[in-house]
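# from the sequence below, what's the structure:
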Amino acid sequence: MVSLRAILKHPDDLYPMVKLKLAARKAEKQIRSEPHWAFCYSMLLKVSRSFALVIQQLDTDLRDAVCIFYLVLRALDTVEDDTSVATDVKVPILMDFHQHIYDREWHFSCGTKEYKVLMDEFHHVSTAFLELGSGYQQAIEDITMRMGAGMAKFICKEVETVDDYDEYCHYVAGLVGLGLSKLFHASGKEDLASDTISNSMGLFLQKTNIIRDYLEDINEIPKSRMFWPRQIWSKYVNKLEELKYEENSVKAVRCLNDMVTNSLIHVEDCLNYMAALRDPAIFRFCAIPQIMAIGTLALCYNNIQVFRGVVKMRRGLTAKIIDRTKTMSDVYGAFYDFSLMLKSKVDENDPNASKTKERLEAIFKLCRDSGTLSQRKSCIIQNKPQLNATSIALVFIVLAIIVAYLSQSRPTIM
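Numbering: from 1, shown residues only. As a prediction, this is how the structure comes out:
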């Protein structure tokens, strides 16, 4: 539960948060009753709650396909992520994973917590996969095969250059973009987007995650996971792990800003991809994570906390993004606002300052040229509102309603 202090500080977060909570409850009630589908949607909520909420925007058949696509790739990623699994065991599994999804009996014990449950009971995912339409199955199999091969390649290969970085991100996320485009096309709701812009949709999200998760990855036990390209970090330190040491704070922030600047090159493709979408549900499904990515980059930029802990959006802001993202005008507005936030943090002494501002100006121009900025009904980023007695009273009333609602007993969904 979000603290009262957070709500009083951002009272305009309250209404979207209430809507999001109610939507989550509704989503839980819509879980299919068959054991394998109940497992898949319940697991989706555990491994990615925000994604589980966004996926509910989609129509039933496409929603099922995207759910299984996500879980298959999450399972594949769990194998890759587990540094305790020996390379000679891991590589064949990654290479053959696209075949395992057709086997109702296959499972492999790895990962921790909910990810271990996913792997131990993967037969539920395979059973659900085999109920999808052939077009969906073919798309999922193709992407799983290509991703597994790419992951296997980088098990034995360091991310040295920026080209390596782009290649790795293509395998683990760009292919997700290609796969989703295939699923959207298979549903009959969208034209097939080009591989280039589909790839950029994945790269932008993945690079944001890699930037945000530096500390978690570098502290991974028993072995660090290092995805920042040597071509970038070697300009600042001798070893990637040195960025987390306090004495290297200035160098760390400059390296971070270099990484963020690199990620901004994908924004134009992402905006063009979203602008071409026709189906409102698919549009929201794609747009919400992209807005959260540019918002996360704005928070991370020039922020030493990336090397000290977790930097992420407050829940209320996430709720506002989900609530207020309905049209391409909202997307342009959010990208414009978050880019302005990022620009305000650019230090003129930063070695990449001019390049950063150049890429931000390209984003500003694209957003302005859309001609939609003036059409926005509300902004996601707002100045801190002034609280008065009425708004404070409203906060307490709504909180009381939420507590009363959530305290009611509900039947278990199975």
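# for this structure, give me the ranges with low pLDDT.
Within the chain, the stretches with pLDDT under 70 are 1-10, 13, 15-17, 20, 23-24, 26-31, 376-414.
# just the strands in it please.
Here the chain has no strands by DSSP state E.
# for S126, which non-adjacent residue is spatially closest?
Distances taken as C-beta to C-beta, 6 or more residues apart in numbering place R104 nearest to S126, at 5.1 Å, with adjacent residues excluded. Where you see a C-beta, it was placed from the backbone N, CA and C, and this is true even at glycine.
# dump the residue contacts of the one you found.
123, 126-127, 130 (C-beta atoms under 8 Å, 6 or more residues apart in numbering).
# out of those, grab the one that's most surrounded.
In terms of neighbours by other C-beta atoms under 10 Å, the contacts of R104 top out with S126 at 20 neighbours.
# dump the residue contacts of that residue.
100-104, 106.
# what do you get if the cut-off is 7 Å, keeping everything else the same?
For S126, the contacting residues are 101-104, 106, by C-beta atoms under 7 Å, 6 or more residues apart in numbering.
# and which of the residues you listed is nearest to I294?
I294 lies nearest to I101 out of these, by C-beta to C-beta, at 32.8 Å.
# is it true that that closest one touches A75?
No - under the criterion of C-beta atoms under 7 Å, I101 makes no contact with A75, lying 8.7 Å away.
# ok, and the most crowded of the contacts of S126?
Busiest of the contacts of S126 [other C-beta under 10 Å] is I101, holding 23 neighbours.
# ok, so what distance separates that residue from R212?
29 Å (C-beta to C-beta, to the nearest Å).
# take the contacts of S126 and write them to TSV, including distance to N199.
What follows is the contacts of S126, written out as TSV (distance: C-beta to C-beta, whole Å):
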residue	distance to N199
I101	23
Y102	26
D103	30
R104	32
W106	29
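# what's the neighbour count on L192?
Around L192 there are 12 other residues, counting by other C-beta under 10 Å.
# for the one 4 residues further on, same thing?
Counted with other C-beta under 10 Å, the burial measure for T196 works out to 13 neighbours.
# who touches it in this structure?
D269.
# and it, how far from D369?
In terms of C-beta to C-beta, T196 sits 20 Å off from D369.
# over to I93?
47 Å.
# who's in contact with the closest residue to W37 other than its chain neighbours?
With C-beta to C-beta, 6+ apart as the criterion, W37 has its nearest non-adjacent residue at 5.7 Å, and that residue is A128. Counting by C-beta under 7 Å, 6+ apart, A128 touches 36-37, 40, 68.
# which of the residues you listed has the most neighbours?
Tallying neighbours with other C-beta under 10 Å puts I68 at the head of those, with 26 neighbours.
# close enough to count as contact, it and T127?
No - using C-beta under 7 Å, I68 makes no contact with T127, being 10.0 Å away.
# who's more crowded, I93 and D369?
Using other C-beta under 10 Å as the criterion, I93 and D369 rank with I93 on top: 19 against 10.
# which non-adjacent residue is nearest the more buried one?
V79 (5.4 Å).
# gap between that neighbour and T87?
12 Å.
# R32 now?
38 Å.
# so the two - more neighbours on which side?
R32 (14 against 10).
# state the distance from the closest residue in space to the more buried one that isn't next to it in sequence to R25.
Nearest in space to R32, with sequence neighbours left out and distances taken as C-beta to C-beta, 6+ apart, is A38 at 6.3 Å. Applying C-beta to C-beta, the value for A38 to R25 is 16 Å.
# with A281 instead?
Following C-beta to C-beta, the distance that separates A281 from R25 is 20 Å.
# for those two, indicate the residue with more neighbours.
The neighbour count for A281 versus R25, taken as other C-beta under 10 Å, is higher for A281 (17 against 13).
# need the contact list for the residue nearest to the more buried one when sequence neighbours are not counted.
Excluding its sequence neighbours, the residue lying closest to A281 (C-beta to C-beta, 6+ apart) is Q57, at 4.5 Å. Residues near Q57 by C-beta under 7 Å, 6+ apart: 281, 284-285.
# any idea how far Q57 is from A319?
15 Å.
# how about Y236?
36 Å.
# and W106, by the same measure?
38 Å.
# for stretch 175-186, buried residues please.
Within stretch 175-186, the residues that count as buried by 16 or more other C-beta atoms under 10 Å are 175-184, 186.
# go on, stretch 202-214?
202-208, 210-214.
# among these, which two are most distant?
Maximum pairwise distance among the buried residues of stretch 202-214 (C-beta to C-beta): 19.5 Å, between G202 and Y214.
# of the contacts of R104, closest to V346?
S126 (48.6 Å).
# what separates the closest one from K90, distance-wise?
Note on S126: its distance to K90, by C-beta to C-beta, is 20 Å.
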